[in-house]
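Enquirer: Got a sequence here, can you build the structure:
(2 chains)
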Protein chains: 2
Amino acid sequence: MAIKGKQYNIDYVLKRGVAEIISEAELRKLLQSGKKLRIKEGLDPSSPDIHVGHMASLRKMRQFQELGHQIVIIVGDWTAQIGDPSGRSATRPMLTAEQVKENAETYLNQFFRIVDKNKTEIRMQSEWFGKFDLTDVVRLTSKFTVAQLLAREDFSKRFSEQRPIAITELLYPLMQAYDSVAVHADIELGGTDQKFNFLVGRELQSMMGQPPQQIFMVPLLVGLDGVQKMSKSLGNYIGIIEPPEDIYGKTMSIKDEFLTVYFETLTDVPDEELLDFKKQLEKGANPMVLKKRLAREIVAQLYNEKEAQQAETHFEKTVQNKELPDEIEEYKLSQDIAISQLIAQTGLAASRSEAVRLIKQGAVTIDGKKTNNANEIISKGVTIKVGKRRYLKTI
Amino acid sequence: MAIKGKQYNIDYVLKRGVAEIISEAELRKLLQSGKKLRIKEGLDPSSPDIHVGHMASLRKMRQFQELGHQIVIIVGDWTAQIGDPSGRSATRPMLTAEQVKENAETYLNQFFRIVDKNKTEIRMQSEWFGKFDLTDVVRLTSKFTVAQLLAREDFSKRFSEQRPIAITELLYPLMQAYDSVAVHADIELGGTDQKFNFLVGRELQSMMGQPPQQIFMVPLLVGLDGVQKMSKSLGNYIGIIEPPEDIYGKTMSIKDEFLTVYFETLTDVPDEELLDFKKQLEKGANPMVLKKRLAREIVAQLYNEKEAQQAETHFEKTVQNKELPDEIEEYKLSQDIAISQLIAQTGLAASRSEAVRLIKQGAVTIDGKKTNNANEIISKGVTIKVGKRRYLKTI
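Expert: Take a look at the predicted model:
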């Protein structure tokens, strides 16, 4: 965790890797007041995996912590039962209480790789929504109108396209807003796709006699496909608990045009250097060199400098020079075996059918030669490569 | 209560004074099955006064009771806190629990002038909504979409005119629907303006594994203005606990074109006779004669034959022959007094300013002569008339 103990100043926190703040002047005043601020972020337990896209807000939380403030994580055990369609086009399935609990644990284990556990308060929505009755629901829902909520972009789109929006979904932003009231949030932090919900929180706090929270939004990173925002379900992500070599390799595959925003959002490489990078790129420098720096920075934060260096060496050998890596896992064969079966049973693919699919796609080589025969028989002493970075040697 | 003990048959109940039934075939089957049916009607405690417009459904309830069925009255102590905008154009103010209780009592005292108390079950929504929690709300609201509810005419009108609809109001039809589930309603009875809510009830019962209720709708009577439906707030109504003479007199003031529907809905005058009435009217008969019959029928139901006859005599004397009634209340004056003050303090008007307004409108005569001077001094031995039917003599 390279970020830990780093000296941050207010200006840097407010300017670097930020999409929008409502409002910056008020927030600056709060940060200068010396008060320990409560910074809320919601945890959606329906998506338990954290990827590099989430690092934008996780790093920002860590920065606020280093400035002395308190992170308050809301485990959305109630809203996850509803499913928020923010930035999505369909109603999500509801989760059971058990799934919520498991997912929250998985999420937090990853979360604390970047955020300081000791300066984090974890709250469950069930603390307040568990005792919510119909009177509370009536009180909350009477403060907002249908038109106000249908103004949210995804709602209005679905509504105008005559696709269903369950009444329950209108409750989602109100519940998220109520979370801010329940924990007395001074700031709510998250991606720009949450702006609408954050503003509802601000409004509800004012209606209920609390100072309205400041809204701090980080950019949504575009994923490996170069088109959509990074997301687990789209498969265009870099998971933060992936092995260093995978994080490094995947980072190398981002589109050149997003290099700068990745640097700004995911690293502390000084602004002056970044300015220099931009100039180099404009002059036609090879982006590969900068991308390797980016990949190193990210791996170093999630692991350490040494792992970052090793991942780079691995990348240079196997991808840049197409050499075999230094260490290849060995697998002892008791008898000859079909290539697809071997790949499945050694875990290089999740299943036999996945193995067959990879072979058909040309993602599998045997001793450096591509195969498209899933039944090709493998004997001892052969090196198998699956995808870009997975190797196995039979012995 | 002239309706009591009357012999009704299924055909008459299904055909006479009915606006729409969903579905008539199914309902007929149910009525013929010999099963004691549960017939639900909602009581909106935000409007405690019953007028002749309500008699349409009250009479129908009584008819079902005479056929051996059970009336189930739902006191909307929860929905009254929300305010249903059915057929209305604005959000209603919320009621306190105390107001709800008082209003329900007032309502039921009038209600049992027509409906048999012994065959009526009174249920409060708080029996089930009092223990409703957020899980129940989520479960209920997830079954319906925003578009489905905005299809309701008043909602869609307000929505398209960009007038506010509180989220809470969307809950109203769902709660009314849940009432049907809670009491296992076989039939829901009410005015045609409730059709949407009734259908939601039908749908929810099906979703929750109950046979869907039959929907029995009576016509909405047009009020004394001849334009809007009869309603307390519009002032175009005949209250069922008004004195016989007032009910009689007000009935005489309905527009001729509504004579037939009033007869059909509010009386048991046989269909053959009604057909004859229609023919007479077409031939140019004076509607006054028929209207007097209607007024007599209504008063006789709400009081008795004798009162009906007396009210008719009173009407003939004071309105038709412009005579003074037989008995005029006397008021002992201790000193001379301004006409407006006299009217206010004897209760002929609600307040001094109301009295002044009536005088300016020309609704007040002194010894048969109209006055428009609110300060005219009244001495002993003078007969005052306010409006069409209120008299006072000073002594």
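
Enquirer: so who does A:V269 touch?
Expert: Counting by Cβ atoms under 8 Å, 6 or more residues apart in numbering or on different chains, A:V269 touches A:F263, A:R293, A:E297. The C-beta positions use only the backbone N, C-alpha and C, and glycine is treated the same way.

Enquirer: Among those residues, which lie within helices?
Expert: A:F263, A:R293, A:E297 (DSSP state H).

Enquirer: Quick check: residues of chain A near chain B?
Expert: A:78, A:81-82, A:94, A:129-138, A:141-147, A:149-150, A:155, A:159, A:162, A:164-171, A:174 (Cβ under 8 Å from any Cβ of the partner chain).

Enquirer: Only the buried subset of those, as a ChimeraX command please.
Expert: Buried members of the residues of chain A next to chain B, defined by 16 or more other Cβ atoms under 10 Å in any protein chain shown, are picked up in ChimeraX with:
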select /A:78,81,82,129,132,133,134,136,137,138,141,142,143,144,145,146,149,150,155,159,165,166,167,168,169,170,171,174
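
Enquirer: What about the residues of chain A next to chain B, which are in helices?
Expert: A:81-82, A:129, A:134-138, A:141, A:146-147, A:149-150, A:155, A:159, A:167-171, A:174.

Enquirer: Relative to chain B, which of the ones in helices among the contacts of A:V269 is nearest.
Expert: Nearest to chain B among those: A:F263, at 42.3 Å, using Cβ to the nearest Cβ.

Enquirer: I'd like to know how far the closest one sits from A:S253.
Expert: 16 Å (Cβ to Cβ, to the nearest Å).

Enquirer: Pick out whichever of these two has more residues nearby.
Expert: A:F263 (23 against 15; other Cβ atoms under 10 Å in any protein chain shown).

Enquirer: residue contacts, A:Q205?
Expert: Applying Cβ under 8 Å, 6+ apart, the residues contacting A:Q205 are A:A177, A:S180, A:V181, A:A185, A:P211, A:P212, A:Q213.

Enquirer: What is the burial count for the residue nearest to the second one when sequence neighbours are not counted?
Expert: Okay, so that is A:S180. Among residues not flanking A:S180 along the chain, A:G201 sits closest, at 3.9 Å (Cβ to Cβ, 6 or more residues apart in numbering or on different chains). Under the neighbour criterion other Cβ under 10 Å, A:G201 is assigned a count of 27.

Enquirer: repeat for A:T365
Expert: Neighbours around A:T365, by other Cβ under 10 Å: 14.

Enquirer: And what about it, helix, strand or coil?
Expert: strand (DSSP: H, G, I helix; E, B strand; the rest coil).

Enquirer: all strands of chain A, in order?
Expert: A:20-22, A:38-43, A:70-75, A:120-124, A:187-191, A:214-218, A:330-331, A:337-338, A:364-366, A:369-370, A:377-378, A:383-386, A:390-394 (DSSP state E).

Enquirer: okay if I get those as JSON lines plus mean pLDDT?
Expert: Formatted as JSON lines, those follow (pLDDT from 0 to 100):
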{"stretch": "strand A:20-22", "mean pLDDT": "95"}
{"stretch": "strand A:38-43", "mean pLDDT": "94"}
{"stretch": "strand A:70-75", "mean pLDDT": "95"}
{"stretch": "strand A:120-124", "mean pLDDT": "94"}
{"stretch": "strand A:187-191", "mean pLDDT": "95"}
{"stretch": "strand A:214-218", "mean pLDDT": "96"}
{"stretch": "strand A:330-331", "mean pLDDT": "86"}
{"stretch": "strand A:337-338", "mean pLDDT": "90"}
{"stretch": "strand A:364-366", "mean pLDDT": "87"}
{"stretch": "strand A:369-370", "mean pLDDT": "82"}
{"stretch": "strand A:377-378", "mean pLDDT": "87"}
{"stretch": "strand A:383-386", "mean pLDDT": "87"}
{"stretch": "strand A:390-394", "mean pLDDT": "86"}
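
Enquirer: Against A:K195, how distant is the closest residue to A:I22 other than its chain neighbours?
Expert: Closest residue to A:I22 apart from its sequence neighbours, by Cβ to Cβ, 6+ apart: A:I215 at 4.1 Å. According to Cβ to Cβ, A:I215 and A:K195 sit 7 Å apart.

Enquirer: Then A:I254?
Expert: 25 Å.

Enquirer: re earlier: for the residue nearest to A:S180, give me its contacts.
Expert: A:Q176, A:A177, A:D179, A:S180, A:V181, A:A185, A:E188, A:Q213.

Enquirer: what do you get if the cut-off is 6 Å, keeping everything else the same?
Expert: The contact partners of A:G201, by Cβ atoms under 6 Å, 6 or more residues apart in numbering or on different chains, come to A:A177, A:S180, A:E188, A:Q213.

Enquirer: Pretty sure the second one sits against A:Q213.
Expert: It stands for A:S180. Yes: counting by Cβ atoms under 6 Å, A:Q213 is a contact partner of A:S180 at 5.3 Å.

Enquirer: okay, A:G201: pLDDT?
Expert: Model confidence at A:G201, given as pLDDT, is 94.

Enquirer: Look up how far A:M124 lies from it.
Expert: Remark: distance between A:G201 and A:M124 (Cβ to Cβ) = 18 Å.

Enquirer: Nearest to chain B within the stretch 251-395 of chain A, name that residue for me.
Expert: Relative to chain B, the nearest point of the stretch 251-395 of chain A is A:A350 (32.9 Å; Cβ to the nearest Cβ).

Enquirer: count of neighbours near the residue lying closest to that residue once chain neighbours are set aside?
Expert: Nearest residue to A:A350 in three dimensions, chain neighbours excluded: A:A344, at 7.8 Å (Cβ to Cβ, 6+ apart). A:A344: 19 surrounding residues under other Cβ under 10 Å.

Enquirer: now do A:E305
Expert: Count around A:E305 with other Cβ under 10 Å applied: 12.

Enquirer: Contact partners for A:I238?
Expert: A:H51, A:V52, A:I247, A:K250.

Enquirer: The same query, at a cut-off of 10 Å, please.
Expert: Applying Cβ atoms under 10 Å, 6 or more residues apart in numbering or on different chains to A:I238 gives the contacts A:51-53, A:55, A:221, A:223-224, A:230, A:246-251, A:253-254, A:295, A:298, A:302.

Enquirer: and those residues, which are buried?
Expert: So, by 16+ other Cβ under 10 Å, the buried ones in the contacts of A:I238 are A:51-53, A:55, A:221, A:223-224, A:230, A:246-251, A:254, A:295, A:298, A:302.

Enquirer: My guess is A:N304 contacts A:R113. True?
Expert: No: at 11.7 Å, A:N304 does not count as touching A:R113 under the criterion of Cβ atoms under 10 Å.

Enquirer: Tell me what the residue nearest to A:I22 is bridged to.
Expert: A:I22, A:E188 (DSSP bridges).

Enquirer: if I pick it, what's in contact with it?
Expert: Going by Cβ under 10 Å, 6+ apart, the list of residues near A:I215 reads A:20-23, A:27, A:187-190, A:194-195, A:197-199, A:201-202.

Enquirer: of these, closest to chain B?
Expert: Of all the contacts of A:I215, A:N197 has the smallest distance to chain B: 14.6 Å, by Cβ to the nearest Cβ.

Enquirer: burial count for the closest one?
Expert: Residues near A:N197, counting by other Cβ under 10 Å: 25.

Enquirer: Please apply the same query to A:S46.
Expert: A:S46 has 19 neighbours, counted by other Cβ under 10 Å.
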